[in-house]
Structures are given as C-alpha cells and as structure tokens.
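**Q** sharing a model that was predicted from the sequence below.
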Amino acid sequence: MTTTQKNWLAGALVAVGFVFLFHQVFTKLVADWYNDDNYSHGFLIVPIAAYLAWERRHRFWSAPVRPSLLGLVVVAGSVLVLTGGVLGSELFMTRIAILGMLVGTLLFLFGWGRLRVLVFPIAFLLLMIPIPAIIFNQIAFPLQLLASRFGESVMNAANVPVLREGNVLVLANITLEVAQACSGIRSLVSLLTLAIVLGYFADPRMWVRILIAVASVPVAVITNGARVAGTGLAAHHFGPAAAEGFLHEFSGWLVFIAAFALLLFVQQVIAKVAPARLPAEAVEAVA
C-alpha cells in the first residue's frame, strides 16, 4: 500500500469515527435548521465553510506538518463533553464539541501550521449552531422593545395615533404585538452570516471585514424597526388585513433584501473612502 493510499485510508477511518460519534448531534442540529426559522440559514453554512477550506487547500498542503499531542487532549475533551456528565446532556456544548473534535483532530495529525490555515472556515461553522435559549431570549426581548419604540416614533412623526405598552402597539383599528419572531433576531443572524461572507470576498483587509460584519447589526435593527413602522402605517391606512397573512410575511422578505442592499452600500462606501492598495509586486505585474 502506497503512502497516498494509507493517507486516504486514515482519513476515511477518521471520518467514519467522526460520523459514528456525532450522528445523533448532527441529526438534531439539522432538525433545528429545518424547524426553526431563526436558524434555517444553517443549511448554507457547511457548504460555504467547505468551499472556504477547499480554497485554502494549496496553503494547507504546503504548510509544515508538526503533529501535536495537545490535539489528542482536545479530542479527549470533546468526547468527554459529548458522552459524560452534565456537559454531555447540554445540547449547545455537544454541538460545540463537533468543532472541538475537528480542531483536535487537525492539531493531532498535522499541527498548528495547518490548523491556522483552516481557522476561518472552522470558526465560520459556529454560525450553524443555535445559541442557548437563555441567551437567545436575552437578545430577542430588547430587540422587540427597540423595534416597537422605533415603530412608535415613526408613526408619531406621521401623525398616526398610537399607544405603546412594552412591545405592544395599540392603534385605532388594530393592536400590534412585536412578537419574538418580529424582533429582528432572525434577520440579524442571517444578515450577519451574509456580512461575513460579503466581507471575505469583497475586501482582503481584516478591519474592513470586521467593520462590515459589525455594520450588519445596526442595519438589521433599523430595517426591522422600519418594517414594524410600515406594518402599523399600512394597518392604519388600509385596514388590519394589511398587517396579517401573506402581506406581513412578504414584507419580511422585502425588508431583508433592503437590509442586504444597505450592507452592500456600506461596503461600497468603505471601498471608495479607503480603497485597498495593491502590493508593490502586484502593481508592477499589472504595469
């Protein structure tokens, strides 16, 4: 058996062991992507991360191989989290253990040099894991209040009588509740994912990528507040039917498209204000 065949066999055995250990965790994770609209973008995360890893394949194979025993410790810790004690019963931690196992395996087989090449694709996989409910609710409720206040302010500016009680907006002909699904956290998570991908492909500078990702937060908050305000104005002028059913769902898609357009605008502004400079070698090559 040649060295290449041995490497492929070892890789296949590692993959089989990985699937054997985590198949139940994967099954529940995919079910959450399918059933929870807040994390339906999870279906896109793995293919994108795989592409990012494939894009780095030449750098990966050219990096030096210096296996580290610390990787074995990380693998053992991930298995312990998965199978033992209190941590093993905690859904979020068992999903994080997937990434721990991946990091530990790479570190044990190849070392720090090759692991560093794949840091970004592995970190990107964090976006596929739903955050714990206790943290989710701590984020969602303030967003509900923020969206309802934004809607109230816009409707007052438009001379539409409205009374706000917490996250409930009382109009003359309808009462609107800014529920958790309308808090904007769904669009925030999805928009953050798109912002990271956009920043990665649009600009090589790390500070620009971080700025685009950070910009997704206020963009998502503002556009969701505009959606709440628009729903209230539509209900006031056209009746309660304008705030329900298909029109309400369709407005969510329109607002998300508008949010992504704003994100593209932010990226274009950054590119014009602070254009990326080519290295001297690249300038000479172009010349």
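**A** Everything's here; your move.

**Q** quick one, phi/psi of Leu169?
**A** Backbone torsions of Leu169, given as degrees, to the nearest 10, read phi -110, psi 120.

**Q** quickly list what it is bridged to.
**A** Judged by DSSP bridges, the bridge partners of Leu169 are Arg164, Leu176.

**Q** okay, now it: neighbour count?
**A** The number of residues packed near Leu169 is 25, by other Cβ atoms under 10 Å. Glycine gets a C-beta too; all of them are placed from N, C-alpha and C.

**Q** Met155 too?
**A** Neighbours of Met155 (other Cβ under 10 Å): 22.

**Q** which residues touch the nearest residue to it once chain neighbours are set aside?
**A** Spatial nearest neighbour of Met155, chain neighbours left out: Val162 (4.6 Å); criterion: Cβ to Cβ, 6 or more residues apart in numbering. With contacts defined as Cβ atoms under 8 Å, 6 or more residues apart in numbering, Val162 is in contact with Gly151, Glu152, Met155, Asn156, Leu169, Val170, Leu171, Gly232.

**Q** model confidence at Val162, what's the number?
**A** We have a pLDDT of 85 for Val162.

**Q** can you report phi and psi for it?
**A** The phi and psi values for Val162, taken as degrees, to the nearest 10, are phi -150, psi 140.

**Q** now it: how far from Glu244?
**A** As judged by Cβ to Cβ, to the nearest Å, Val162 and Glu244 stand 18 Å apart.

**Q** again with Ala158
**A** To Glu244, Ala158 is 21 Å away according to Cβ to Cβ.

**Q** and the protein, what are its domain boundaries?
**A** What automatic domain parsing lists as the domains of the chain is 3-130, 134-273.

**Q** most tightly packed of these?
**A** Most buried of the domains of the chain, by mean neighbour count (mean count of other Cβ atoms under 10 Å): domain 134-273, with a mean of 17.

**Q** okay, how far is it across that one, tip to tip?
**A** Length of domain 134-273, first residue to last, Cα to Cα, to the nearest Å: 40 Å.

**Q** do the same with stretch 157-170
**A** Terminal residues of stretch 157-170 lie 16 Å apart, using Cα to Cα.

**Q** which helix or strand in this structure has the lowest average pLDDT?
**A** Taking mean pLDDT, DSSP states H and E as the measure, the chain has helix 280-286 as its least confident helix or strand, at a mean of 42.

**Q** pLDDT on stretch 130-144, on average?
**A** When pLDDT is averaged over stretch 130-144, the result is 81.

**Q** and it, how far out from the chain middle?
**A** Stretch 130-144 has its C-alpha centroid displaced from the chain centroid by 15 Å (Cα atoms, centre = their mean, to the nearest Å).

**Q** closest to Arg57 out of the contacts of Val162?
**A** When those are ranked by distance to Arg57 (Cβ to Cβ), Gly151 comes first, at 48.5 Å.

**Q** ok, that closest one - contacts?
**A** Residues in contact with Gly151, defined by Cβ under 8 Å, 6+ apart, are Val162, Leu169, Leu176, Val178, Gly225, Val228, Ala229, Thr231, Gly232.

**Q** show me where the stretch 101-250 of the chain has its helices.
**A** Per DSSP state H, counting those that start in this stretch, the stretch 101-250 of the chain carries helices over the ranges 112-117, 119-124, 133-157, 185-202, 206-238, 245-273.

**Q** now do the end-to-end distance for stretch 60-72.
**A** 20 Å.

**Q** now stretch 81-101
**A** 10 Å.

**Q** what mean pLDDT does it get?
**A** What stretch 81-101 shows for mean pLDDT is 75.

**Q** can you give the contact residues for the host helix or strand of Ala76?
**A** Ala76 is part of helix 70-83, with elements assigned from DSSP states H and E. For helix 70-83, the surrounding residues in contact (Cβ under 8 Å, 6+ apart) are 21-22, 25, 87-88, 93-94, 96-98, 100-101, 103-109.

**Q** same deal with stretch 198-213?
**A** Applying Cβ under 8 Å, 6+ apart, the contact partners of stretch 198-213 are 52, 120, 192, 195-196, 263-264, 266-267, 270-271, 274, 276.

**Q** any chance of the residues you listed in a markdown table, plus distance to Arg209?
**A** Below are the contacts of stretch 198-213 laid out as a markdown table (distance: Cβ to Cβ, whole Å):
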| residue | distance to Arg209 |
| --- | --- |
| Leu52 | 13 |
| Phe120 | 10 |
| Leu192 | 12 |
| Ala195 | 9 |
| Ile196 | 7 |
| Leu263 | 12 |
| Leu264 | 14 |
| Val266 | 12 |
| Gln267 | 10 |
| Ile270 | 10 |
| Ala271 | 12 |
| Ala274 | 13 |
| Ala276 | 11 |
